[in-house]
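> kindly generate the corresponding structure for this input.
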Amino acid sequence: MVAKISHGKDFRELINYITQPEKEQWREGRHLSDLKREAVIQDMEFIAGQSQRVQAPAYHVSVSWGKTDAPSKEQMLEVADRIIKELKLENNQALIVAHKDTDHKHMHIAFNRVEMDHFKAVDRWGDRNRLRSLLKEIEIEKGWEQTPLEADGPTQLSINERKLTVRVNEALAGIGIDDPNYKTVRERALELRNELSRQTDWKSFDDTLAGKGLWAEKKGAGMVITDGAMRIKASSLGRSFGKGGLEKRFGQSFDEYVQRRELKIELKPALQEVTGWMRAKERIHLENTQVGMERRLAKLKQELWKIDRFDELLKKSKESVEKGFEQTFSDPKDAQRDFSIIVKRDGLEVAHGELMANPEKFGKVKDENELIKLSSDIRTMEKTYEYWRQYLQEQLIINPKAREEKRNKLVEKKLRINQALSVVKGKVQKSMSQTEAGYSMSRGADEVIAVSRMISAIMKNSDLIAKKAVGRGVAAFKNDLAKETEAGQALVQMSDQSVKGAQLVLKIATALQSGGMSMAHSSICHTLCQHRQTVLKKQMEREAQRGDFSR
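Presented below is the predicted three-dimensional model:
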């Protein structure tokens, strides 16, 4: 079995592709109100539209069996559900479609990356490896043709490294770091591998690494790539990245380059970066408030959509059934009245059964073919009720009057949140213009090293700073820093924001101390690097809106 993955922005293009009539054999859905092509697209687009950040919500997994395999529909659906579970997409919309246009069995699964409860886009990093392992397990279990695995190359991360990134991201998120997305030194270096191979001197090589908060450093007789805390051998990226090979390529010894680089390192700009981070954290609190309100608003919209969607589907079903009675019976009003009496007394399913078993009981049948079509329309109505029953019961909105009252309350609440959201957005805009750090576009390795050393200086005295900070005012805290710590002497030169910056650094260090100080140091530096990139992106977006393309 072979799995392929792709992703993009357009649900319509993906759904249209996998549901081509000449290729499709059957389709099934998960968390979809209807399996018709247009309804699936609308459902997925609506949920994806509730996410403020997602850029590529459409996610596509195709699975192919060997030519000698003949899985049944039930077995293919079992594989699809195991894939959904393995990728932790149980709470995401999915359309499963089997194709018949090749000489081997295969199916496509179209996912909406935005999950349905909190409207967050699920991170898809590592899916290929997870799928590969799962399909290998299923092949052995089912006795299907086994596909040889590709040999792991230098681009593969170890299981321990994957576990490490998950643990660090959970810790960072737990103390309020928004979207941490921590990556190991190896992972960041591997992302730059192709770009690094194109560099022609040590400076450009080092500055390329700086884009990910890394730099090259001496280690014994060799060379490592580091963020100041964690490190990997440069040669682990490939033979051409060893110290000797790069010295030959660049025509300069690495030791000579490092000596010159050390002369350019200044700590004061690094301190300003830590300070800018803290100022932005205060603004982020406002932004998080805004995001929370937008999420509540999105939930309200989803609730309104569900009510409207049910009423719309029910209306269509009723119209089809009414039309069916008109075309089936000579006296459709009497037939429909008798049918409704049984529905109220015994339920729709029983009434449907009686209609098909003894149609003359409801009146003279004028067209037997229309009776079959009427049965199909009633079955559609039954499915609509069945699909929505749990939701309607939970919300206590079974009858139309209750739904209308619920709709009015949601609309009123939506109006109140919109008004409050407008105020918060104004505060965010004002705070942004007052506090945003003015970072330059480019940053060399010397500046990255300076930031790492500033963080290291703060962390070396973390116990002392933490003790002095407890129960003391900012002024007293600053005095203690100035007297007793190397980092404090530098921090006091700046504003009170610097002290807050030091406290935030310590907060992260404490949250990650079980993984060692090196792990905490690495995480802090990476978080700072990501913050800088976010600020630059926002600056460029605003400059583009103003028509300033000088950058």
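
> in the stretch 401-550 of the chain, where is pLDDT below threshold?
428-443, 458-517, 531-550 (pLDDT under 70).

> tally up the residues packed near the residue nearest to Ala3 when sequence neighbours are not counted, please.
Excluding the flanking residues, the one nearest Ala3 by C-beta to C-beta, 6 or more residues apart in numbering is Leu131, at 4.3 Å. Every residue, glycine included, has its C-beta placed from N, CA and C. Using other C-beta atoms under 10 Å as the criterion, Leu131 is surrounded by 20 other residues.

> in the helix or strand containing Leu131, what counts as buried?
Using DSSP states H and E, Leu131 maps to helix 127-142. Neighbour-count burial for helix 127-142 flags Asp127, Arg130, Leu131, Arg132, Leu134, Leu135, Ile138, Glu139 (criterion: 16 or more other C-beta atoms under 10 Å).

> repeat that for stretch 339-357.
Residues Phe339, Ile342, Leu348, Ala351, His352, Leu355 are the ones in stretch 339-357 that count as buried (16+ other C-beta under 10 Å).

> which of the residues you listed lies closest to Ser204?
Proximity of the buried residues of stretch 339-357 to Ser204 (C-beta to C-beta) peaks at Leu348, which lies at 72.1 Å.

> gap between the closest one and Trp388?
According to C-beta to C-beta, to the nearest Å, Leu348 stands 13 Å off from Trp388.

> now the buried residues of helix 127-142 in a markdown table, with pLDDT and distance to Phe362?
Supplementary listing: these in a markdown table, determined by pLDDT from 0 to 100; distance: C-beta to C-beta, whole Å:
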| residue | pLDDT | distance to Phe362 |
| --- | --- | --- |
| Asp127 | 82 | 54 |
| Arg130 | 82 | 55 |
| Leu131 | 89 | 53 |
| Arg132 | 83 | 58 |
| Leu134 | 88 | 53 |
| Leu135 | 89 | 53 |
| Ile138 | 90 | 51 |
| Glu139 | 87 | 55 |
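
> export those to JSON lines and tack on distance to Ile84?
Formatted as JSON lines, the buried residues of helix 127-142 follow (distance: C-beta to C-beta, whole Å):
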{"residue": "Asp127", "distance to Ile84": "12"}
{"residue": "Arg130", "distance to Ile84": "12"}
{"residue": "Leu131", "distance to Ile84": "11"}
{"residue": "Arg132", "distance to Ile84": "16"}
{"residue": "Leu134", "distance to Ile84": "11"}
{"residue": "Leu135", "distance to Ile84": "14"}
{"residue": "Ile138", "distance to Ile84": "13"}
{"residue": "Glu139", "distance to Ile84": "18"}
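
> those residues: which two are farthest apart?
Pairwise distances across these (C-beta to C-beta) peak at 18.1 Å, for the pair Asp127 and Glu139.

> what about the longest helix in the protein?
The residue-count maximum for a helix in the chain (DSSP state H) belongs to helix 267-328.

> other SSEs contacting it?
helix 37-48, helix 332-346, helix 368-394, helix 400-435, helix 445-460, helix 486-491, helix 496-511, helix 517-546 (3 or more C-beta pairs under 8 Å, 6 or more residues apart in numbering; DSSP states H and E).

> kindly recompute the last result at 6 Å.
Where contact means 3 or more C-beta pairs under 6 Å, 6 or more residues apart in numbering; DSSP states H and E, helix 267-328 is packed against helix 332-346, helix 368-394, helix 400-435, helix 445-460, helix 496-511.

> ranges for the strands of the stretch 151-300 of the chain?
Using DSSP state E, counting those that start in this stretch, the strands of the stretch 151-300 of the chain run over 215-219, 222-226, 231-233.

> tabulate the ones you listed (CSV), appending mean neighbour count and mean pLDDT.
Formatted as CSV, the strands of the stretch 151-300 of the chain follow (neighbours: other C-beta atoms under 10 Å; pLDDT from 0 to 100):
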stretch, mean neighbour count, mean pLDDT
strand 215-219, 19, 92
strand 222-226, 21, 93
strand 231-233, 17, 89
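
> right, and those strands - which one's nearest Ser72?
strand 231-233 (47.2 Å).

> which strands and helices lie in contact with the closest one?
On a contact count with 3+ C-beta pairs under 6 Å, 6+ apart, strand 231-233 meets strand 222-226.

> let's see the strand it packs on as PDB, backbone CA atoms only.
Output of strand 222-226 as PDB, limited to C-alpha atoms (Å, rounded to 0.1, in the frame of the first residue of the first chain):
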ATOM      1  CA  GLY A 222      35.300  19.900  13.900                       C
ATOM      2  CA  MET A 223      32.200  22.100  13.500                       C
ATOM      3  CA  VAL A 224      28.700  22.100  14.800                       C
ATOM      4  CA  ILE A 225      25.500  23.900  14.100                       C
ATOM      5  CA  THR A 226      23.900  25.300  17.200                       C
END
